[in-house]
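Engineer: 3D model of this:
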Amino acid sequence: MKRSEDKKVILSQILSLFRMASITPVLWIHKPLADGRFSIRIRIEALGRTLYKSTGFKARETEWHPKRLRVRGKSPEVKAVNSGIDRLMKAASDAEIDLIRENEIVTAEAIRDRLAPRRRGPKTDLFDVGDKRVAELNANQQVYTATRYESILKQLREYERGRPLPLDRITPAYLRAYETHLISKQSNGASTVASKMRALKALMGIAARDGLISRDVNPFEGVAIREPKSTKHKLTWGQVQALSEVTLERPQLRLARDSFLFSFYAAGIRFGDLCRLGPQNLRNGRLEWEMGKVSRGHGVALAPAAREILACYAGSGESGFLFPFLHRSDTSTPAKERAVIGARNAAVNRSLKEVGGLAGIKVRLTFHMSRHSFADYARREGVDIYTISKLLGHTDIAITQRYLSSFDERAVDAAIGRLFG
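Structural biologist: So this is what the prediction gives:
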């Protein structure tokens, strides 16, 4: 026990060597208030400069304990005041640690501003920009993207401990510190970190577009978003055929397998979009639908194999859907629909894992793999990348190039193997 306490003392002493500011609560006795009491302030000393930050609390001189630097007494009111002082002291200490972590100069002004950032006009806070973006996405029915931004903003708010985040605080040093936090404290993988950093970069771009910051001031100029190499699993044509031919006794396994194959033959339609399909989406031998991820219309010709699969579920059309995933489900709001689709997707992936094993497929089968499989099959059959991009519904051909890059790498490696053994 003694050794543990000694370690704490030594650690405290070591940390104190790195502290650059002195932060102390004081009773401001230089100017009494109208009721005869004095305001309680936080004194911040750093680099030879002293500033004071009001706590919003007050006390009489006889109520202030000059050694404990707190209000005397044990009443609920006194406890509330002292708790408030403790919170502000911790916030000031946290602000100093954040400045050190972000390689910023620790000044009294910087600590004070982080306790109560000065607003330089409307919408100068990143959270304002983010909340506005979420509202726009929801208004455009881009529910999945809106939910993703909400999650990223929530985690950033927790990192900031509920404080505002002025746009001018977002520097390359701040971004590197946050990236380190995501990796070391949140245990986020490389793909997750890259996704969150891209979202922050997009919000800063929106701020520049709206004139909230100068376009010349881009904190991401000094920060490279480390895009990890992603391994996109896909099925070969032979494995797709094996999946088609495997005998499945249970209806839920057949439904999972058939929906996967329908997606493959329908240019990789996403699971959420497939769930929403109804008879109205079949027009003149084509499948036409609104892509939920990007809120844009899309359509492809119905392949004969896709028509055969639909024929097996002809009765589902009576419920308003081509496949029975949303039948008798409450989808009255976007949030409820998203929850139902998420649950169905998870159930389908569990079934596909079993189906893949029965078909002799070694990789773990998921629904989204149908999209990867279609893209790779089209590439191998000589379809040009521009057409593949259009079939997948990508807005930019660069997205398709990234999508196929991992497949291309494996193809190149296989070619070297064939040439030189």
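
Engineer: How about the secondary structure of residue 32?
Structural biologist: Taken by DSSP: H, G, I helix; E, B strand; the rest coil, the conformation at residue 32 corresponds to coil.

Engineer: ok, now which ones touch it?
Structural biologist: Contacts for residue 32 were tallied using CB atoms under 8 Å, 6 or more residues apart in numbering; they are residue 38. Using the backbone N, CA and C atoms, a C-beta is placed for each residue, glycine as well.

Engineer: which residues touch stretch 224-234?
Structural biologist: 189-191, 193-194, 197-198, 201, 363-364, 366, 369, 372-373, 375-377, 403, 406-407.

Engineer: repeat that for 10 Å
Structural biologist: If you take CB atoms under 10 Å, 6 or more residues apart in numbering as the criterion, stretch 224-234 is touched by 175, 179, 189-198, 200-201, 240, 264, 361, 363-366, 368-377, 402-407, 409-410.

Engineer: show me where pLDDT drops low in this structure?
Structural biologist: Low-confidence segments of the chain, defined by pLDDT under 70, are located at 1-19, 116-123, 221-223, 229-230, 294-295, 315-318, 406-421.

Engineer: Can you give me the domain assignment for it?
Structural biologist: 13-115, 126-222, 237-420 (automatic domain parsing).

Engineer: Tabulate these in TSV, adding columns for distance to residue 228.
Structural biologist: TSV is the format used below for these (distance: least, CB to CB, whole Å):
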stretch	distance to residue 228
domain 13-115	24
domain 126-222	4
domain 237-420	11
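
Engineer: now the helix or strand hosting residue 153, how far from the chain's geometric center?
Structural biologist: Residue 153 is part of helix 143-159 when elements are defined by DSSP states H and E. The chain centroid and the centroid of helix 143-159 are separated by 5 Å under CA atoms, centre = their mean, to the nearest Å.

Engineer: shift numbering so it begins at 11
Structural biologist: Right, with 11 as the first residue, what we last looked at is helix 153-169.

Engineer: Give me the helices and strands touching that helix, please.
Structural biologist: Applying 3 or more CB pairs under 10 Å, 6 or more residues apart in numbering; DSSP states H and E, we find helix 153-169 packed against helix 136-149, helix 182-194, helix 200-219, helix 344-368.

Engineer: Look up the closest residue to residue 202, ignoring the ones flanking it.
Structural biologist: Excluding the flanking residues, the one nearest residue 202 by CB to CB, 6 or more residues apart in numbering is residue 192, at 7.5 Å.

Engineer: what about that neighbour, how many neighbours?
Structural biologist: Per other CB atoms under 10 Å, the neighbour tally for residue 192 reads 19.

Engineer: what do you get for the one 10 residues further on?
Structural biologist: Residue 202 is flanked by 15 other residues according to other CB under 10 Å.

Engineer: And the strands in the stretch 261-410 of the chain?
Structural biologist: Applying DSSP state E, counting those that start in this stretch to the stretch 261-410 of the chain gives strands spanning 292-293, 296-301, 306-311.
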